[in-house]
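Visitor: can't give you the sequence, but here's the structure:
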């Protein structure tokens with residue numbers, strides 16, 4: 001859930017090239033999230049190729065595959081988001097432990 005929240009903020013504040021200069025302090029405050037959870041959320045988004053990060057810069061990466069890839073049966077954006085939700089889903093018992 002933290003990764004989805006971070007992704008939403010980054011998509012919202014990014015410029016036309018997907019770049020965001022929001023720092024860790026700003027993001028932890030905006031998201032009411034400890035730095036450790038922010039780091040995990042960032043790692044999840046990087047692992048899923050949704051963002052690139054090189055301190056202090058985030059870049060939201062394109063979800064659309066190139067036109068040639070779409071012709072050859074690459075997954076749709078909707079399918080990618082469904083996979084993201086499934087990957088980041090937290091089991092109820094883990095969520096209660098904090």
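Guide: Perfect, thanks for sending it. Nothing here was measured: the structure is a model prediction, and the numbers come from that model. Numbers count the residues shown, from 1 in each chain.
Visitor: so how many other residues sit close to the closest residue to residue 44 other than its chain neighbours?
Guide: Of all residues not flanking residue 44 in the chain, residue 3 sits nearest, at 4.0 Å (CB to CB, 6 or more residues apart in numbering). C-beta coordinates here come from the backbone N, C-alpha and C atoms, glycine included. For residue 3, the neighbour count with other CB atoms under 10 Å is 24.
Visitor: buried ones in the strand or helix carrying residue 3?
Guide: Secondary-structure element containing residue 3, defined by DSSP states H and E: helix 2-13. Across helix 2-13, burial judged by 16 or more other CB atoms under 10 Å covers 2-7, 9-10, 13.
Visitor: now, which of those sits nearest residue 22?
Guide: Each of the buried residues of helix 2-13 was scored against residue 22 by CB to CB, and residue 13 proved nearest at 5.9 Å.
Visitor: close enough to count as contact, the closest one and residue 22?
Guide: Yes: using CB atoms under 8 Å as the test, residue 13 is close enough to residue 22 to be in contact (5.9 Å).
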